[in-house]
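Novice: Kindly return the folded structure for what I paste below:
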Amino acid sequence: MKFSASCFAALCLFLSGCTESVSRDSSADILAMGDSLLASHGLSGNAVSDVLERALGRAVIDRSVMGARIIYHLPVSGSAGLNIGKQFRAGDWDWVILNGGGNDLWLGCGCVVCKGKLDKLARKDGKGGRIPSLIADIRKTGAKVVYVGYLRSPGLGSPIEHCRDEGDELERRIARFATFDDGVHMVSLKDLVPFGDRSFHAADMIHPSRKGSAAIAARVAAVIRKDG
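Specialist: The predicted structure follows:
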C-alpha cells in the first residue's frame with residue numbers, strides 16, 4: 001500500500017499533537033523542544049518534561065517530537081515538529097529546554113563521515129552553526145536556555161555505540177557556545193550512565209528508560225532551581 005505524502009504529513013501532525021504539552025496551563029513558563037530524548041514516555045506521563053513539571057511545581061509545555069532533527073528541509077512535516085526549530089511557539093517563557101542533533105548525525109551521516117554535518121550543527125569554535133543560531137534566536141525572546149546532551153551507551157551493544165565520538169564533539173562545541181552567554185546552560189549526560197548498567201536505557205539501547213528520563217529531568221531541574 002502506498003503511503004502518500006499527505007498521510008505522512010497527517011501522521012506527523014498527529015505525533016506532534018500527542019507530544020504537544022505536558023500542561024495546557026496558560027501560565028506555563030517552561031517550553032521543551034527536541035527529539036526522542038525528551039519525547040520518550042510522553043504518552044505514559046513519564047517524559048523528561050512530565051518529571052520536570054512535578055519536580056518544580058511549574059507548568060511545562062512539551063513540543064518535542066520523536067525523530068526530529070535540527071536540519072530538516074521538508075516544509076509540512078517540518079512545521080509539524082520534525083524540524084526542531086519550528087517547534088518553538090511564542091510565549092512568556094522563562095526557560096526553554098532544548099536538545100537535538102543526534103538524529104542529524106546518526107540518520108544524516110551514520111556517525112561515520114560527519115565533519116561537514118558537525119560543522120553545520122555547531123562550529124568548532126562554538127560561535128556559529130544551526131544549534132547556536134537557534135539558541136541565540138530563543139535568547140532574543142528573553143528566555144534562558146538549557147541544552148541537553150545525549151545519553152551515552154554503557155558499552156553493551158547499543159546501535160549508536162559508534163556515535164560516541166561525534167556526540168562528545170557536538171557536546172563540546174555547544175558547551176563552548178554556552179560560555180559566551182550566562183543565560184545558556186549545557187547539561188551533559190556524558191557521565192550519567194555507569195558502564196555496564198542497562199537500566200538508564202529502553203530495550204532498544206538508544207532511548208532513555210523511565211529511569212533515564214527521570215535522571216535527565218533531575219539534572220535539568222537542578223539548573224533551573226539554581227538559576228531561577
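Novice: how about low-confidence regions in the protein?
Specialist: Scanning the chain with the threshold set as pLDDT under 70 gives 1-25.
Novice: Geometric centre of it: which residue is closest?
Specialist: In the chain, the C-alpha nearest the mean C-alpha coordinate belongs to Asn99, at 2.3 Å (CA atoms, centre = their mean).
Novice: Next, the contact list for that residue, please.
Specialist: Applying CB atoms under 8 Å, 6 or more residues apart in numbering to Asn99 gives the contacts Met33, Gly34, Asp35, Leu37, Leu38, Ser64, Tyr147, Val148, Gly149, Tyr150. All C-beta spots, glycine's among them, are computed from the backbone N, C-alpha and C.
Novice: Assign the nearest residue to Ser158 once chain neighbours are set aside to helix, strand or coil.
Specialist: Excluding its sequence neighbours, the residue lying closest to Ser158 (CB to CB, 6 or more residues apart in numbering) is Met205, at 4.0 Å. With DSSP: H, G, I helix; E, B strand; the rest coil as the basis, Met205 sits in coil.
Novice: any idea how far Met205 is from Ser64?
Specialist: Met205 sits 20 Å away from Ser64, going by CB to CB, to the nearest Å.
Novice: Settle it for me: which of the two has more neighbours?
Specialist: Using other CB atoms under 10 Å as the criterion, Met205 and Ser64 rank with Ser64 on top: 29 against 16.
Novice: What residues does the more buried one make contact with?
Specialist: Ser64 neighbours (CB under 8 Å, 6+ apart): 19, 32-39, 42, 47, 49, 81, 87, 99.
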